[in-house]
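Q: Pasting the sequence and the predicted model now:
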Amino acid sequence: MLPRLIPLLVLPLLHPSAAGWIDPDTPENARTTTPLVVVPAKPPRQKKPRETPDATKTNTTTSTDSSHKRRHREPTSTPTYTPTYLPSVLPSSSPTAEAATPPPRTYHLVFSDEFNTPHRSFADGHDPRWTALEKNDYTNDAQHYYSASNAYTDNEGNLVIQSEAADTVVVGFNDVEQRKEKVTKHFRSAMVQSWNKFCFTGGVLEAEMALPGRSDVGGLWPAFWLLGNLARHTYVGSSEHVWPWSSSTCTSKSSTAQLISACDRVQHYGLHRGTGRGAPEIDIFEVQAGNIKANTGNFLKMPVGQPFMSSSYQVAPGRLPRPGEGWWPAPGQWYDNLTGGVNTSLNIVFYGTYNHFRDDTDPATQDYWSDAISYNRQLNASHFGTFHKYRLEWELPEEANENNNYTRSYGYLRWFLDNEFVLEVKGEGLNATGTGAEITSEPMYLILNTAISSQWGFPSKCPNMCPCKEYNCHGGFQETCGFSEGFCQMMDASPIEYKINYVRVYQDKNDPKQKVGCSTPERPTRKFIEAHEKKYKLADDLHPLKPIQNGGGPCVATPDVGNANGTANCGGPSRGICQSKPSFTCRCLDGWTGPHCTNPIGFDDIVWDPPETWADFGFSGPSLKVLSGGILTLGVLVVILFMSPFVLKKRRQIMGGWAPVSSAGDYERRVGV
């Protein structure tokens, strides 16, 4: 079958109130952005030992006041590692040609969600952008259950992810232990993800959010991150030998440990021969609160302590040798081309994980290391409960070609907090390791969640006489002793809310590498996911995602005055209508969807990998003449079949008095011949 060369265009004219994934509420002055300035942290000042005065040396300074001697600054013989912070005193030795300053690169809005419509539901099948999970989380020693009802929009224009100390009895299949079980989770929270709905490759991601809980009490794990579309988080089977691979180099390790390897020479599921695939992870932040300060406790050797945000690129294959956790890397043990900003530190507490899976038959070749290239940035109490802006700039790698003057580029990732530089990871540093790891070109989807895990922000060592086997704020001593001090009091005192004011994605429309879509020409995913659906859904689900429901939710005949834009009023008069026939249900107006019409529509302007039709397999439909003849023939057959019983019945009535003639002799006897 020939590949489909022309992508399917989804015409925005079908939905004049929306443009693809852009929320119409996004302000006009927020529809473009330019790259931010990278300002590395100043290197620590090194004190030079005082020189002993030498009387034999001639002092050429004419000033009589030695305290005002002017030191002549000589230009450096080689470029400095970091930018200089003061202009050079001396002019250059030769005139410098003035080069025209290129205009700043402009990124245009391609996705936004302002969350201005209250009472939105994100349950499966309710929203075109997001899906709020309704399932247990078996990963990372999770103590919570993800409930779709814990994610909603409030009356102030925010997405709210609420965490609470509440019980949920779960009967299901443990993906990690590979067995059915009945457990009680004592915490509920929420995760919303855009998996297989909205994905993007390269560009700028920005969001404004207020962190949940208290800055000095550990135990919550709020996060804002990206994951490759080939893995669906919490569906463990989809991640095995896929997370967090980002390598298109064929090596002995990738040939056995990477599920879709560059060593593969057979094309399946629309994947490209010789292109390694995976699901790397980019953490805009993972936040850990607490009261362990820098240079103490677990952070004894680090200048950043709790509370902090950890910004990281998690990638496989990992490098060897590697530093031990809690130790600064020796030369050659970690990545070069890493640059941190002010109030940051290389995260020496966590360098990555060793990945082994239960069903593997040859651990020596199938197990692999994955690396967490991360910096911690110091936070304070103001980041909890008040809004701050978080940003990622993602530049894709590119092979040498005519368009880039045959100069290969390796890409980069840059993180910012309130427009202040946090971290840069350059692809050159990954390339230099020789592992094949690279800045990802995978379509990535968005994830927002708050987890509660004994691996994150809980005491690193169990207190005396505490088993630390079950964590329940409403239990006895053995169930409450393992929490951080003040955690249960915080959970019971007030609602724990992680608030997101907006999420926006920008791309350079002049860069063909940057695309919107979960299955792109360079990195298709659709056919692979369809062929392995079981890995991306629960056992009772028909498919991984339900179709988006358009209207049909119950409403009231008399408008709810106190909640004008609520679900009972179908989102208000500009979004939906409560129709009385056949029953009181919502009918959505143009540009809105969901059961109660509270969710703005969203779609890919270009569908790079549309589902196949019969024409793709070489079959063409019949012409109108043939089709009409076939319908006529079918109609005649239906009439014949319908009339046959009546014809047979009538014949039996006519022939009722006649006896059959069995032979010529009988006939002759009967007539006297």
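A: Perfect, I can see it now. This is a predicted model, so every value here is computed, not measured.
Q: thinking T106 is in contact with P35, fair?
A: No: under the criterion of C-beta atoms under 8 Å, T106 is not in contact with P35, lying 9.4 Å apart. To be clear about C-beta, it is placed using only N, CA and C from the backbone, and glycine gets the same treatment.
Q: dump the residue contacts of T106.
A: T106 sits next to 32-34, 508 when contact means C-beta atoms under 8 Å, 6 or more residues apart in numbering.
Q: rerun that using 7 Å as the cut-off
A: By C-beta atoms under 7 Å, 6 or more residues apart in numbering, T106 lies in contact with 32, 34.
Q: same question, I161
A: Counting by C-beta under 7 Å, 6+ apart, I161 has contacts 150-151, 189-190, 448-450, 498.
Q: again, but for T275
A: Per C-beta under 7 Å, 6+ apart, neighbours of T275: 248, 262.
Q: now swap in T249 and tell me
A: 262, 276, 436.
Q: Could you report the neighbour count for the last one?
A: Residue neighbour count, defined by other C-beta atoms under 10 Å, stands at 22 for G436.
Q: Tell me the pLDDT of the residue nearest to it when sequence neighbours are not counted.
A: Setting aside the residues directly before and after it, G436 is nearest to T249 in space (C-beta to C-beta, 6 or more residues apart in numbering), at 3.0 Å. pLDDT recorded at T249 is 93.
Q: Check the one 10 residues further on too.
A: At L259, the predicted lDDT confidence score is 97.
Q: just checking, it touches S238?
A: No: counting by C-beta atoms under 7 Å, L259 stays clear of S238, with 10.1 Å between them.
Q: Settle it for me: which of these two has more neighbours?
A: S238 (22 against 18).
Q: State the phi and psi torsions of the more buried one.
A: Main-chain torsions, S238, degrees, to the nearest 10: phi -80, psi -10.
Q: for the nearest residue to A432 once chain neighbours are set aside, helix, strand, or coil?
A: Of all residues beyond its chain neighbours, the one nearest A432 is D336 (6.0 Å), with distances taken as C-beta to C-beta, 6+ apart. Recorded secondary structure, D336: coil (DSSP: H, G, I helix; E, B strand; the rest coil).
Q: Around D336, count how many other residues there are.
A: 12.
Q: any idea how far A316 is from it?
A: To A316, D336 is 19 Å away according to C-beta to C-beta, to the nearest Å.
Q: Just name the closest of the contacts of I161 to R120, please.
A: Distance to R120 across the contacts of I161 (C-beta to C-beta) is lowest for A151, with 8.9 Å.
Q: got the contact list for Y410?
A: Contacts of Y410 were listed using C-beta under 7 Å, 6+ apart, and they are 397, 426-428, 431, 439.
Q: try S238
A: 231-232, 535-536.
Q: returning to that earlier point: which ones among the contacts of Y410 lie within strands?
A: K426 (DSSP state E).
Q: Top of the contacts of Y410 by number of neighbours, please.
A: Result: I439 is most packed of those (other C-beta under 10 Å), 26 neighbours.
Q: residue contacts, the closest residue to that residue other than its chain neighbours?
A: Nearest residue to I439, sequence neighbours excluded (C-beta to C-beta, 6+ apart): G411, at 3.5 Å. By C-beta under 7 Å, 6+ apart, the residues touching G411 are 395-397, 427, 439.
Q: For G411, give me the pLDDT.
A: Looking at G411, its pLDDT stands at 97.
Q: Please apply the same query to D560.
A: pLDDT at D560 comes out at 71.
Q: So for stretch 380-389, mean pLDDT?
A: pLDDT averaged over stretch 380-389 gives 98.
Q: Quick one: end-to-end distance for that stretch.
A: 14 Å (C-alpha to C-alpha, to the nearest Å).
Q: Pull out the buried positions in it.
A: Neighbour counts over stretch 380-389 (16 or more other C-beta atoms under 10 Å) mark 383-384, 387-388 as buried.
Q: now do stretch 511-528
A: 513-520, 523-528.
Q: re earlier: any chance of the contacts of S238 in a markdown table, plus secondary structure?
A: Formatted as a markdown table, the contacts of S238 follow (three-state DSSP):
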| residue | secondary structure |
| --- | --- |
| A231 | coil |
| R232 | coil |
| K535 | helix |
| Y536 | helix |
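Q: Turn those into JSON lines, including distance to D216 and pLDDT.
A: Formatted as JSON lines, these follow (distance: C-beta to C-beta, whole Å; pLDDT from 0 to 100):
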{"residue": "A231", "distance to D216": "34", "pLDDT": "98"}
{"residue": "R232", "distance to D216": "35", "pLDDT": "98"}
{"residue": "K535", "distance to D216": "40", "pLDDT": "97"}
{"residue": "Y536", "distance to D216": "39", "pLDDT": "98"}
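Q: Of the residues you listed, just say which sits nearest to S345.
A: Among the contacts of S238, and counting by C-beta to C-beta, the member closest to S345 is A231, at 29.1 Å.
Q: Now the closest one: closest residue in space that isn't a chain neighbour?
A: Excluding the flanking residues, the one nearest A231 by C-beta to C-beta, 6+ apart is A279, at 3.4 Å.
Q: Over to L413?
A: Counting by C-beta to C-beta, 6+ apart, L413 lies nearest to V425, which is 4.6 Å off, once chain neighbours are set aside.
Q: For the one you found, give the beta-bridge partners.
A: Note on V425: beta-bridge partners by DSSP bridges are L338, L413.
Q: Where do the strands of the stretch 201-350 of the chain begin and end?
A: Assigned by DSSP state E, counting those that start in this stretch, the strands in the stretch 201-350 of the chain fall at 203-210, 220-228, 281-288, 308-315, 338-340, 344-346.
Q: And for the stretch 551-673 of the chain?
A: Ranges of strands in the stretch 551-673 of the chain, per DSSP E, counting those that start in this stretch, are 576-579, 585-588, 592-593, 599-600, 606-607.
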